[in-house]
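> from the sequence below, what's the structure:
(2 chains)
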Number of protein chains: 2
Amino acid sequence: MPIYVAPVRDTRFVLENVLDIGRYSNLPGFANASPDLIQAILEEAGRFCEEVLQPLNKVGDEVGCKRNDDGSVTTPPGFKEAYQQFCEAGWPTLTAPEEYGGQGLPQVVGTAVSEYILSANHSFEMYQGLTSGAIASLLIKASDELKQTYVPNMVTGRWTGTMNLTEPHCGTDLGLLKTRAEPNDDGSYSITGTKIFISSGEHDLAENIIHLVLAKRTGAPDNVKGISLFVVPKFLVNGDGSVGERNTLSCGALEKKMGIHGNATCVMNYDGAKGWLVGEPEKGLQAMFIMMNAARLGVGLQGLAQGEVAYQNAVAYAKERRQSRALKEQNRDPGAKADPIIVHPDVRRMLMESKAWNEGGRALVLWGALLVDLMRRSQDEAERQQAEDLLGLLTPVIKGYLTDKGFQAAVHAQQVFGGHGYIREQGVEQFVRDARIAQIYEGTNGIQAMDLVGRKLPKDGGRAVRSFFELVGREVAEARQAGDPAGVAEALEPALAELQAATMWLARNAPADPDNAGAAAYAYMDLMGLVCLGWMWLKMAAAASQALADGGENGSFHEAKLNTARFYAERELPLAPALRRKIEAGAETLMKMPAEAF
Amino acid sequence: MPIYVAPVRDTRFVLENVLDIGRYSNLPGFANASPDLIQAILEEAGRFCEEVLQPLNKVGDEVGCKRNDDGSVTTPPGFKEAYQQFCEAGWPTLTAPEEYGGQGLPQVVGTAVSEYILSANHSFEMYQGLTSGAIASLLIKASDELKQTYVPNMVTGRWTGTMNLTEPHCGTDLGLLKTRAEPNDDGSYSITGTKIFISSGEHDLAENIIHLVLAKRTGAPDNVKGISLFVVPKFLVNGDGSVGERNTLSCGALEKKMGIHGNATCVMNYDGAKGWLVGEPEKGLQAMFIMMNAARLGVGLQGLAQGEVAYQNAVAYAKERRQSRALKEQNRDPGAKADPIIVHPDVRRMLMESKAWNEGGRALVLWGALLVDLMRRSQDEAERQQAEDLLGLLTPVIKGYLTDKGFQAAVHAQQVFGGHGYIREQGVEQFVRDARIAQIYEGTNGIQAMDLVGRKLPKDGGRAVRSFFELVGREVAEARQAGDPAGVAEALEPALAELQAATMWLARNAPADPDNAGAAAYAYMDLMGLVCLGWMWLKMAAAASQALADGGENGSFHEAKLNTARFYAERELPLAPALRRKIEAGAETLMKMPAEAF
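Have a look, this model is predicted:
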C-alpha cells in the first residue's frame, strides 16, 4: 500500500527560514499565527491526512463514484465519514474570514495544509477546494444578502460549492457558451443549459451544493461580453437559512476518467433552475476569474502534492528493493547479493530531480500564497501593488510549471518501481493518472503559457516582469556577495539573463506578429519556471547555510538542502539557453505548415 | 472513437527515398522484395490493421483479459477471431525463414508492418511479437530437433511464444533468480519456480504456448553465471508433432495494470514442468539476449507506434474542434465564431514536436531493422561487422529514446484534446497508459542508458561509436556542401560536437569513478537520441529536397518533410549543450546525499 508522511519539517523550513513569515505579525491574521500555533496546525493536519484521508485514496480510485438511478451520486466508501470528521475538526474554516465563521488564518498557512490534503487524497480535496474558490467569488462580488445566505454554511463545509464553466462545445472559449438566464419577476433568474466536467457537481457529502454558473442573460451579447455569473443552489434556501425545496437541476451523468476517480465529475443539467446574479450583469467572467486565479494556484499546488507523495513512495521503494550491485565496491552491502537500488546513480537522478522540483515548487507556491496575504492585508499600498503584480505574473507559471513537474515526478516515481510501478496494486500508477489532470483543467498549461506571454507580460507596460527581474537580480547579486554557498547564484545569473533577453525578444517581435508570442509561449513559461525554482533554491540555500552557521539541530536536513540546491544549479539551470533558442526560433516554421500537411 | 490510418506514404518515403533499399536487391530476401511488392504488403497490412485490429483496441482496454477458475485465460471479445484471420492471412510468416515455412522477407519490411499492428492494437501485437523473439532465440541456439519440433508451428502463429525472465524479487538483476531445473533421465529437465510479468503467458488464441524460461540447473552457480535457458511448452509435443499431454505449468493470476489490458500479463507457476535446454548449459543469458535485443528494437517501435496513433487522433481533433480565434486576422474563418484549434501556435507546437519525433523515429527504427538484415545477409564481412557494431550501439537508444518520445507524443495528443482527453470514452488517454509500459519493460530506460554508456560505448575500444561519429560527421559535411536545404546540417554539426565532447569526457572520467558513468547515462542517451533523430532528419531533408528537384507528384508531402526537418533543427537540436552540461556535472552531488536524506 502507498505511504504518505506530511513533510512538516520542510514546510516549516519554508515558512520560518525562507519566507520568515514571523516578520508579518503586524498584519491581520498573522498576529494569531505564532510559530507554535502553525507547527501545531501542520502536525495535526498532517496526522489527519496520513491517518484518515490517505488510506481512502486507493479505494477512491478503485471504487470511484456512482450515479444512482434517481440522479444522486454516492462517493467512494469512507469518504462521507471522513468528510464529516474533516468538517468537525474545522479544517474548512482555516483561512475563511472570522465574520463568516472562519478562523481568519493567513492563506500561506492554509496553502501549506492544502498540500497535505492533496497529497493524501487529491479527489477528496476537490470537494472542499472548489468550495473555497466559490466562497472567494461570493465574498468579493455577491450582494450582502447572497453572502449571508450562502457563505457561513460553505465556510463550515456543511454546504459545498462548484464552478460551472465548460459546455460540450466550449471550454477555453467561454464566449461560445449557450446556457441561458431568463429573468423571473422576483429578481431571480431561470437558468437553462448543460454544463460538463463539473467537479464535485453532485455527491452525498454535504447537505446542499452551491453551484456558481456562467450563463448569458436574455438579450445579452452572444459573445464573451455577454456572460454573467449566477449562484444556483441544489436546494433553495428558506428565509430562515434552512434547506428548502429542490431546485430544477440534476446530474445527468458521471464522466469516466483516466484518474481522480474519487471525485464526481458531472454533466449538470439546468432546467429552468432558479439562480441569482452574482455581481454586475455581463461581468461574469471577471467574477469567475477571482475563483479561477485562486483555483490556478491551487492546481499548481496539486502538481507539487502529487509529485511529493509519488516521490515519497519511490524513496521508500528504492531503499527497500535490492537489485544489482553498487557500481563502486565501497557502496556495496558485503552481506548481501544485491544492494538497495538507491545506490544506483540513475535512480538517484530521478529522485533528486523530483526532490528539487517538489521542494522548489513548495517554496514557490507558499511564496505565492504569501503574496495573496500581502495583497489583501498589507498596510502598505506599494507592497500590496507589488504583491498583486507578482502574483498576477506568476500564477500561470505556478499552475503550468508545477503541474508539469509534478506529473514528471510521478512518472519518475513509477519508473523507480520498474515493472511493479505499472501494476495497479502498488498504487504508484494512480499518482501518474491523477497528476495528469492538473496539467489540463483550470485552463490547459498551453493556455497558462498564453496568459503569461499575451496578457501578464505586457500588462501595465511590463511593470510586473520588471519588478520580478529587479527582485531576482538583486538577490542573485546579494548571494554572490555572501559567498553563494551552493553555486545557485552563479548558475542563476546567466539563466536570468537568458530570460531577460527572451523577454526583450518578445517585446520586439510579438507586437508585429502575435504568432511569435504564441509560438514562444510554452518555452517562455518553462524558462520562467526554471528561473523561479532557481530563485527559490537560491533562497533555500541561503536559509540552510544560515541555519548551519547558527548551529543547532537538523544539520543533516540543512546539508541536504544545500546539496539539492547544488544539484538544481548543476543540472537544471543549464537548460536556460536551449529554452531561449526555442523562444527565438519564432513562428514561421510552425505556422507555414498547411493544416492538411499534418 | 479513435481513428488510425497506416502511414504507408511515410513508410515508403523512408524505405525508398531515405534508405534506398532497392540497392540491396543482391541480398537474399531482398531480391523478392520489389518496390511494388513492398507497397502491396504495406497497403494490405495497413488495411488489416485499420479494419480489423484497431476497432478491437478499445474493447481490449475496457474488457481486458479474464482468468477463469480452471486457470485458462480468455482474451477480449474479438481477439480470437482477429488472431485467426491474422494467421490465415500469413502475417506472422512475413520475415521468418523459408525453410521453416516463412516468407523470408527482410526485417526492414517486417518492422514497417509491425509498426502498423502496434499502432492499431499494441496489446494484440504482443501475442505475436513475443513469438518472433522466441523464434529468433530458438533458431540461433536450439538443437535441430528442438527447432523442428517447435519453430514451424510458431512461424505460422498456430503456436505462440513467451519469454520468462522476471521473478517477484528479481527483474533487472537476473543473477538472483530462483527457478530451478533438475535433470530427468530422458535428457529433459523438471522446471520449478514462479515467474511474473509474463506477457501472453496464457490465452485462448493458440493451440500451444511455447515458454522460454530462464532457470538454474541443479549445482549451477547461484549467480548470473549459473543461468540456463529452457523451452517449456504448455502442451508437450508428440513424436508426430501433434499436441499431447498438458505440462505441469499454469497461470496463477493475471496482473491488473495501468494499460495494455488486452494482453494477458501472467504470474506463471512451473511445478516440475518438463523442459529442454536451449543451447549450452549456463549460457542462458546469452541466448536470452538474442531475444532481448530483437525485443528492444520492437519496444522502440512500440514507442513510435503509440506516438503515431496518438498524433493522428490529435490532428483530427485539432482540425475539427473550434475554440477561440486565430491570433492573426488573416487566419480566421470569417463565417465562424471560432477557428479550428490547429490555427493556434501552441497546438501546432505539440503536433510538430510529435510529428518530428514520430517521423524521425520511424526512419531510425527502420534503419535499425535494415542493419539487422545487413548483419545477417550481407556478403561483405566489413559491412556485416559495421552493421553489428552500429546496431549494438544504438539498440538501447532506439528502445529508450523512442519510447520516451512516444510517451511524450501521447501526452501531447491528450493535451491537444484538453479536458476531453482525460475522458476514457475519447480513447486518447489509453494511448498514454499503453505507451507508458514501453519505457519500463525489456529493461527500463535507465537500464538502456547504462547499457549504452557502460557496455556499448567502451566495447571493442569504442569502435562502434567511432564508426557512428565518422558516419554522421561525413553526412553532415556532405549536406553542408550540398546546400543544407532545411538547415539541419548547420544545427546538427554543433550537436554532434557536443556528443563527441561528452563521449571524451566519459572516456576520461568514467574509468576512475564508475558512478560518473551512471550519473551521466540518461543525459547521454538523450543526447545520442537527439543526434540520431537529427541525423535522420538530415537524411530525410536531403531525400525530400531531391524528390522536389526531380519533380513529380507529392510536392506538398516533400515540402512538409523539409519544414519538419527545419523545425527539428530550430527547436530540438539546440538542446544539445544543456545535455552535455548535465553529463559533465558528474556524480558527486548525486552520490554524496546519504540515503536517509532523501
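> please count neighbours and contacts with C-alpha atoms only from this point.
Will do.
> for A:Asn68, which non-adjacent residue is spatially closest?
The shortest distance from A:Asn68 to any non-neighbouring residue, by CA to CA, 6 or more residues apart in numbering or on different chains, is to A:Thr74 (7.4 Å).
> enumerate the beta-bridge partners assigned to the one you found.
A:Lys66 (DSSP bridges).
> neighbours around it, how many?
Here the count is done by other CA atoms under 10 Å in any protein chain shown, and A:Thr74 has 18 residues near it.
> got the CA coordinates for stretch A:1-9 in CSV?
Written as CSV, here are the backbone C-alpha positions of stretch A:1-9 (Å, rounded to 0.1, in the frame of the first residue of the first chain):
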residue,chain,number,x,y,z
MET,A,1,0.0,0.0,0.0
PRO,A,2,1.2,3.5,-0.7
ILE,A,3,2.6,5.6,2.1
TYR,A,4,2.5,9.2,2.9
VAL,A,5,4.1,11.3,5.6
ALA,A,6,3.3,15.0,5.7
PRO,A,7,6.6,16.9,5.2
VAL,A,8,6.0,19.2,8.2
ARG,A,9,9.7,19.9,8.6
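> for it, which outside residues touch it?
Stretch A:1-9 is contacted from outside by A:39, A:42-43, A:46-47, A:49-50, A:54, A:116, A:119-120, A:309, A:312-313, A:425-428, using CA atoms under 8 Å, 6 or more residues apart in numbering or on different chains.
> Provide the backbone phi and psi angles at the closest residue to chain B within the stretch 251-400 of chain A.
At 4.4 Å from chain B, A:Lys257 is the closest residue in the stretch 251-400 of chain A, using CA to the nearest CA. Main-chain dihedrals, A:Lys257, degrees, to the nearest 10: phi -120, psi 170.
> contacts only, for the residue nearest to it when sequence neighbours are not counted.
Counting by CA to CA, 6+ apart, A:Lys257 lies nearest to B:Ile423, which is 4.4 Å off, once chain neighbours are set aside. Going by CA under 8 Å, 6+ apart, B:Ile423 touches A:255-258, B:429.
> quick one, phi psi at B:Ile423?
With angles defined as degrees, to the nearest 10, B:Ile423 shows backbone torsions of phi -90, psi 130.
> can I get the buried part of the contacts of stretch A:1-9 as one PyMOL selection?
Of the contacts of stretch A:1-9, the buried ones go into a single PyMOL selection, burial set by 16 or more other CA atoms under 10 Å in any protein chain shown:
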select buried, chain A and resi 39+42+43+46+49+50+54+116+119+120+309+312+313+425+426+427+428
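> near chain B, from the contacts of stretch A:1-9?
Contacts with chain B within the contacts of stretch A:1-9, as defined by CA under 8 Å from any CA of the partner chain: A:Glu425.
> the contacts of stretch A:1-9 in helices, which ones?
With DSSP state H as the criterion, helices contain A:39, A:42-43, A:46-47, A:116, A:119-120, A:309, A:312-313, A:428 from among these.
> about what we covered before: can you give me the distance of the residue nearest to A:Asn68 to chain B?
In this view, A:Thr74 and chain B are 20 Å apart by CA to the nearest CA, to the nearest Å.
> A:Tyr524 now?
Separation of A:Tyr524 from chain B (CA to the nearest CA): 12 Å.
> returning to what we had before: identify the residues contacting the residue of the stretch 251-400 of chain A closest to chain B.
By CA under 8 Å, 6+ apart, the contact set of A:Lys257 is B:422-424.
> repeat that with 10 Å
Each residue near A:Lys257 by CA atoms under 10 Å, 6 or more residues apart in numbering or on different chains is listed here: A:264-265, A:433-434, A:437, B:419-426, B:429.
> same question, A:Gly307
A:119, A:301, A:354-355, A:357-359, A:361, A:402-413, A:431-432, A:435.
> helix or strand right after the lowest-mean-pLDDT helix or strand in chain A?
Across the helices and strands of chain A, mean pLDDT, DSSP states H and E gives its lowest value to helix A:284-320, namely a mean of 92. Following helix A:284-320 in sequence order, the next helix or strand is helix A:345-377 (DSSP states H and E).
> neighbours around A:Ala206, how many?
A:Ala206 has 17 nearby residues by other CA under 10 Å.
> do stretch A:455-464 and chain B meet?
No - on the criterion CA under 10 Å from any CA of the partner chain, stretch A:455-464 is out of touch with chain B, staying 13.2 Å away.
> give me the contact list for that stretch.
Residues outside stretch A:455-464 that contact it (CA under 10 Å, 6+ apart): A:385-396, A:449-453, A:465-466, A:470, A:503, A:506-507.
> just to revisit the earlier point, how distant is the least confident helix or strand of chain A from the center of its chain?
Remark: helix A:284-320 is offset 4 Å from the chain centroid, using CA atoms, centre = their mean, to the nearest Å.
> likewise for stretch A:202-213?
Worked out by CA atoms, centre = their mean, stretch A:202-213 lies 22 Å from the chain centre.
> same check on stretch A:240-248?
Mean-position distance between stretch A:240-248 and its chain equals 33 Å (CA atoms, centre = their mean).
> span of it from start to end?
With CA to CA, to the nearest Å applied, stretch A:240-248 spans 21 Å between its terminal residues.
> looking at it now, give me its mean pLDDT.
Averaged across stretch A:240-248, the pLDDT comes to 97.
> beta-bridge partners for the closest residue to A:Arg424 other than its chain neighbours, please?
Nearest non-adjacent residue to A:Arg424, counting by CA to CA, 6+ apart: B:Lys257, 5.2 Å away. Per DSSP bridges, the residues bridged to B:Lys257 are A:Ile423.
> how about A:Asn208?
Beta-bridge partners for A:Asn208, by DSSP bridges, are A:Trp159.
> for it, give me the pLDDT.
Here the pLDDT value assigned to A:Asn208 is 98.
> what is the burial count for it?
A:Asn208: 25 surrounding residues under other CA under 10 Å.
> ok, the one 3 residues further on next?
Burial of A:His211, expressed as a neighbour count using other CA under 10 Å, amounts to 24.
> quick one: mean pLDDT over the lengthiest strand in chain A.
Longest strand in chain A, counting residues (DSSP state E): strand A:265-277. For strand A:265-277, the per-residue pLDDT values average out at 98.
> helices and strands around that strand, which ones?
With contacts taken as 3 or more CA pairs under 10 Å, 6 or more residues apart in numbering or on different chains; DSSP states H and E, strand A:265-277 sits against strand A:180-183, strand A:189-199, strand A:208-217, strand A:227-233, strand A:235-237, strand A:249-254.
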